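Q: Give me a 3D structure for the following:
(4 chains)
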2 protein chains.
Amino acid sequence: MAAKAKSKDSTTEERIRVAARKLFTRHGYDAVKTRDIAAESGINLALLNYYFKSKEKLFEKIMQENMKEFMQGISGIVNDEQTNLESKIKRLVEYYLDMLMSNPDMPLFVLSHAKKKGSKLNFRETFAQSHFMKQIQEAVKEGKIAPINPLNLMLNIVGLSIFPFIGRHIFQNEKGITEDAFIALMAERKKMIPGWIDAILRKK
Amino acid sequence: MAAKAKSKDSTTEERIRVAARKLFTRHGYDAVKTRDIAAESGINLALLNYYFKSKEKLFEKIMQENMKEFMQGISGIVNDEQTNLESKIKRLVEYYLDMLMSNPDMPLFVLSHAKKKGSKLNFRETFAQSHFMKQIQEAVKEGKIAPINPLNLMLNIVGLSIFPFIGRHIFQNEKGITEDAFIALMAERKKMIPGWIDAILRKK
DNA sequence: ATTCAATTTAATCAAATGTTTAAAACAAAA
DNA sequence: TTTTGTTTTAAACATTTGATTAAATTGAAT
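A: All right, here's what the predicted structure looks like:
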């Protein structure tokens, strides 16, 4: 029974998928070979084609998963009619910081592959029809916040949240900060970014 | 004479270097094949090895060039003792926006490869000993700006400047904004970012 | 136990890839 | 014109790569 439960938790297909996700997310499509994935998942090379038909098909699957995870929580937040603008901004920042703390390679992967057909990722579209966008426009009209191009606001929220993960290797190395310091820095930013965005919005 | 002048402007080595820079910057190391570079530069495949010894050596050369360009103007700006804090921020933003408008693929390349040995890119180090850093610390001490971790300030300046280029494919596509709109958006940000940073620094 | 389907294995295949080789072509100097 | 050095060319090489194949093994149903 224990053996059966273990088998259920780790099917061959699942092991391949997990290994592929790890490698593709970190290194991208071309740098990762089918033999790398086979080794990482502890399977025979031919099983990759047996279960996923081709390297490319496997990659597309991983790409969809990553894009979905990157976007998944956003819709709920930006379309929630029970929260105000300030709260939405805070939740967006928290969503990204939490997600990326557990998967720091994700944004670089997502942004590197956003141009591929099939990626189906459109920030602008997601925000354009949202309740969040309405709230911004109303606040500008009521003079509660400084006029700002909604796309710029979106870029600022996402950029301030994501950029440190994308760029972490340019300051996290032997001459830079440690892994622990990076984690502390991100925790600090998680708290500070909503305030920074607020300052930008209230700029005179 | 005209033929001689032309030959001087376009040596085989130079043509290979230019083609390689274009392709590597856009697509990265593994996705670009030696035959791609040969085709792009209009040379015989073996010349790549004749002039640069190996694909890897050529890539390292391109990587150094790109890293250098990415960092080159910064030192001058952050160590200039004749300009104040506000002016330095403005010039940093302008430096990046101008550079990246003419080479939008650069940041993704630089950040993707920052972890490779030989990349010799360290933001934190560049800023840590700078006059800019001193100015920040003094301004905080004098209560002129809100206390802020200098690394966070640096990340905010660079992130707000660079992120739209890194992320442009997630909002610049058939369902998103046009190339012209992107250029206009960047021109707008070039003007707005210094003010946003200022608002962040003066946040109460 | 037998049969059939599903999964796994190891070898093979065809094409791609970075590199090397040797000869041809070119350029410069004597 | 000849010699020497440099550059270019096309073919070949050795290895890598994604994919296929056929047989063996395993698992499920009868």
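
Q: Please make it C-alpha for all contacts and neighbour counts, starting now.
A: Noted.

Q: Pull the contacting residues for the closest residue to residue A:144 other than its chain neighbours.
A: Leaving aside its chain neighbours, residue A:144 sits nearest to residue A:202 (7.5 Å; criterion: CA to CA, 6 or more residues apart in numbering or on different chains). The contact partners of residue A:202, by CA atoms under 8 Å, 6 or more residues apart in numbering or on different chains, come to A:144, A:145, A:146.

Q: List buried members of these by neighbour count.
A: A:145, A:146 (16 or more other CA atoms under 10 Å in any protein chain shown).

Q: which SS class is residue A:30?
A: coil (DSSP: H, G, I helix; E, B strand; the rest coil).

Q: pretty sure it is touching residue B:32, no?
A: No: judged on CA atoms under 8 Å, residue A:30 makes no contact with residue B:32 at a distance of 9.2 Å.

Q: element containing residue A:75?
A: Assigned by DSSP states H and E, residue A:75 belongs to helix A:55-78.

Q: check contacts around the residue most central in space within chain A.
A: In chain A, the residue lying closest to the centroid (CA atoms, centre = their mean) is residue A:70, at 3.5 Å. Taking CA under 8 Å, 6+ apart, we find residue A:70 in contact with A:106, A:107, A:110.

Q: Quick check: residues of chain A near DNA strand D?
A: A:30, A:32-35, A:45-46, A:49-50, A:53-56 (CA under 7 Å from any atom of the strand).

Q: any idea which helix or strand of chain A has the worst average confidence?
A: Taking mean pLDDT, DSSP states H and E as the measure, chain A has helix A:2-9 as its least confident helix or strand, at a mean of 38.

Q: and after it, which helix or strand comes next?
A: Using DSSP H and E, the first helix or strand after helix A:2-9 is helix A:12-27.

Q: domains in chain A, as residue ranges please.
A: Under the assignment named as automatic domain parsing, the residue ranges that make up the domains of chain A are A:10-53, A:63-201.

Q: Just list what the helix or strand where residue A:48 lies packs against, helices and strands only.
A: Counting by DSSP H and E, the element that carries residue A:48 is helix A:46-52. Secondary-structure packing of helix A:46-52 (3 or more CA pairs under 8 Å, 6 or more residues apart in numbering or on different chains; DSSP states H and E): helix A:55-78.

Q: now check the helix it packs on, is it near DNA strand C?
A: No: residues of helix A:55-78 contacting DNA strand C under CA under 7 Å from any atom of the strand: none, with a closest distance of 13.8 Å.

Q: now the angle from that helix to helix A:12-27?
A: 80 degrees (axes from the mean of the first three to the mean of the last three CA atoms, to 10 degrees).

Q: pLDDT on helix A:55-78, on average?
A: Averaged across helix A:55-78, the pLDDT comes to 91.

Q: and what of stretch A:141-158?
A: 91.

Q: in that stretch, what's buried?
A: Taking 16+ other CA under 10 Å as the criterion, stretch A:141-158 shows A:145, A:146, A:150, A:151, A:152, A:153, A:154, A:155, A:156, A:157, A:158 as buried.

Q: With just CA atoms, put it into CSV.
A: The C-alpha trace of stretch A:141-158 is given here as CSV (Å, rounded to 0.1, in the frame of the first residue of the first chain):
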residue,chain,number,x,y,z
LYS,A,141,-11.3,62.6,-12.0
GLU,A,142,-12.0,63.3,-8.3
GLY,A,143,-8.5,64.7,-7.9
LYS,A,144,-7.6,62.1,-5.3
ILE,A,145,-4.5,61.1,-7.2
ALA,A,146,-2.2,62.7,-9.7
PRO,A,147,-3.1,62.1,-13.3
ILE,A,148,-1.2,59.0,-14.5
ASN,A,149,-1.4,56.9,-17.6
PRO,A,150,-2.8,53.6,-16.2
LEU,A,151,-0.2,51.6,-18.2
ASN,A,152,2.5,53.5,-16.4
LEU,A,153,0.9,52.8,-13.0
MET,A,154,0.8,49.1,-13.9
LEU,A,155,4.4,49.1,-15.0
ASN,A,156,5.5,50.8,-11.8
ILE,A,157,3.7,48.3,-9.6
VAL,A,158,4.9,45.3,-11.5
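
Q: How far does stretch A:185-201 sit from its chain's centre?
A: The gap between where stretch A:185-201 is centred and where its chain is centred comes out at 18 Å by CA atoms, centre = their mean, to the nearest Å.

Q: That one near chain B at all?
A: Yes: for stretch A:185-201 and chain B, the contact criterion (CA under 8 Å from any CA of the partner chain) is met by A:185, A:189, A:196, A:197, A:199, A:200.

Q: so what secondary structure elements neighbour the one helix or strand residue A:183 maps to?
A: Residue A:183 belongs to helix A:179-201 when assigned by DSSP H and E. Contacting helix A:179-201 under the criterion 3+ CA pairs under 8 Å, 6+ apart are the following elements: helix A:85-102, helix A:150-166, helix B:179-201.

Q: just the buried residues of stretch A:141-158 now: which is nearest residue A:131?
A: residue A:150 (12.3 Å; CA to CA).

Q: so who does residue A:185 touch?
A: residue B:152.

Q: quick one: it and residue A:101, what's the gap?
A: Using CA to CA, to the nearest Å, one gets 11 Å for the distance from residue A:185 to residue A:101.

Q: Then residue A:64?
A: 20 Å.

Q: circling back to that earlier point, return the closest of the residues of chain A next to DNA strand D with respect to residue B:39.
A: Closest to residue B:39, out of all of the residues of chain A next to DNA strand D and judged by CA to CA, is residue A:30, at 19.8 Å.

Q: Please report how far the closest one lies from chain B.
A: 6 Å (CA to the nearest CA, to the nearest Å).

Q: give me the number of residues near that residue?
A: Neighbour count of residue A:30, defined by other CA atoms under 10 Å in any protein chain shown: 12.
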